[in-house]
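A.B. asks: Sharing a model that was predicted from the sequence below.
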Amino acid sequence: MAERRLYITEVREKLSEARNITILTHLNPDADTIGTGLGIYNLLVQNKTKRVEIVNASKMLPQHLDFLPGFEKIKHKMDFEESLIISCDCGSIDRLGFTLENRSIINIDHHQSNELYGEINVVIPEYASASQVAFMLLKEIYEINAGSASCFYAALLSDTRYFTTSSVNQKVFDAARDLVELGADPAKIAYNFTQRRSLSSLRILHRALGSLELKCNARVATLFVTEEDIAATGAKMPDMEGIVDYARSLKTVEVALFVMELKGEIRISLRSKGADVSRVAAVFGGGGHKVAAGWIMDKRDLHETIDIIVKNIQNLGLIDGKI
Ligand SMILES: [Mn+2]
């Protein structure tokens, strides 16, 4: 295991040398990758001697994040051919969606499964969000402005599911308080996350809940949506974020599984109340955290897929403990 630290001196030096900087956020972006990326972007653009771009390879961005300062600056392709890369919240280099051979990368993340693909790897799994890593690091190098604080706070709020996950501790609240002090507006950010849902997100949630099944003595809950469900409700990927949490919320459930049938592929989300579901993801070439992991598979029968995954959950002994 590599040493877990912030590499403040090394990062400061890299940033001061760089003329062009590309901030990369991961495919199928969530609020942590976008909030971390924009938080960094809002700091770096203040320095007029540098050119900075923020890029996401996906065609679709989570539109509910459009209140974050700089959101409209996110591009879908990289324009700089030579630049320092900063990757945000991304465990493996493939998830950035670009060919990055021979590029200098600062990897800012909190995934236990991070493949440490950067020249500098600021990866701290104990932190609740990549934005917490970025904030702890960059407050030592820059004066954090209000825009940046808002982005980091939004990412922290989202990755902790509004401060409810097991990763929440005093350090998280310390960071949150500091970010509010620096200008993040907690009420405004919470409103944007909880009171601006799309109709499609509720319609697809309804369909997903209709598929709920309990397995393994009600310790495993499964949900799925078909391509037809997605087409009928008009749901986009961001509309399906958080659906898996409903399955986990059941009293007896230890591990929750949500399977999305997309065009040509199947996307899987696993959540647990403590069991290490990243081990299940690893079996299928995926990654993630102890209590939240996922991966993508080639398209095949949905029910077969669910059965295979549940079998792996059992075989790995993830639900042997007491309820
Ligand atoms: Mn994250």
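C.D. replies: Cool, the structure landed.
A.B. asks: can you tell me which residues contact the nearest residue to residue 158 once chain neighbours are set aside?
C.D. replies: Excluding its sequence neighbours, the residue lying closest to residue 158 (CB to CB, 6 or more residues apart in numbering) is residue 31, at 3.5 Å. Placement of C-beta: from N, CA and C, glycine included. Applying CB atoms under 8 Å, 6 or more residues apart in numbering to residue 31 gives the contacts 62, 65, 154, 155, 157, 158, 159, 193.
A.B. asks: any idea how far the ion is from residue 31?
C.D. replies: Distance, residue 31 to the ion, using CB to the ion, to the nearest Å: 9 Å.
A.B. asks: How much space separates that residue from residue 161?
C.D. replies: Computed as CB to CB, to the nearest Å, the residue 31 to residue 161 distance reads 11 Å.
A.B. asks: now residue 265
C.D. replies: To residue 161, residue 265 is 26 Å away according to CB to CB.
A.B. asks: One more: residue 66?
C.D. replies: As judged by CB to CB, residue 66 and residue 161 stand 21 Å apart.
A.B. asks: And these two? Which one has more around it.
C.D. replies: Taking other CB atoms under 10 Å, residue 66 and residue 161 do not tie; residue 161 has more neighbours (14 against 11).
A.B. asks: I'd like the distance between the more buried one and residue 291.
C.D. replies: 11 Å.
A.B. asks: and residue 319, that one's in a helix?
C.D. replies: No. Going by DSSP: H, G, I helix; E, B strand; the rest coil, the assignment for residue 319 is coil, not a helix.
A.B. asks: hmm, who's touching stretch 233-244?
C.D. replies: Against stretch 233-244 from outside (CB under 8 Å, 6+ apart): 28, 30, 60, 62-64, 161, 198, 200-201, 203-205, 207-208, 223, 225, 229, 256-258, 260, 269-271.
A.B. asks: mind checking the end-to-end distance for stretch 251-258?
C.D. replies: For stretch 251-258, the first-to-last residue distance is 17 Å (CA to CA, to the nearest Å).
A.B. asks: Give me the residues contacting it.
C.D. replies: Residues contacting stretch 251-258 (CB under 8 Å, 6+ apart): 208, 214, 217-224, 240, 243-245, 247-248, 268-275, 277, 306, 309-310, 313, 318-319, 321, 323.
A.B. asks: run the last query once more with 7 Å
C.D. replies: Residues outside stretch 251-258 that contact it (CB atoms under 7 Å, 6 or more residues apart in numbering) are 208, 218-223, 243-244, 247-248, 268-273, 275, 277, 306, 309, 313, 318-319, 323.
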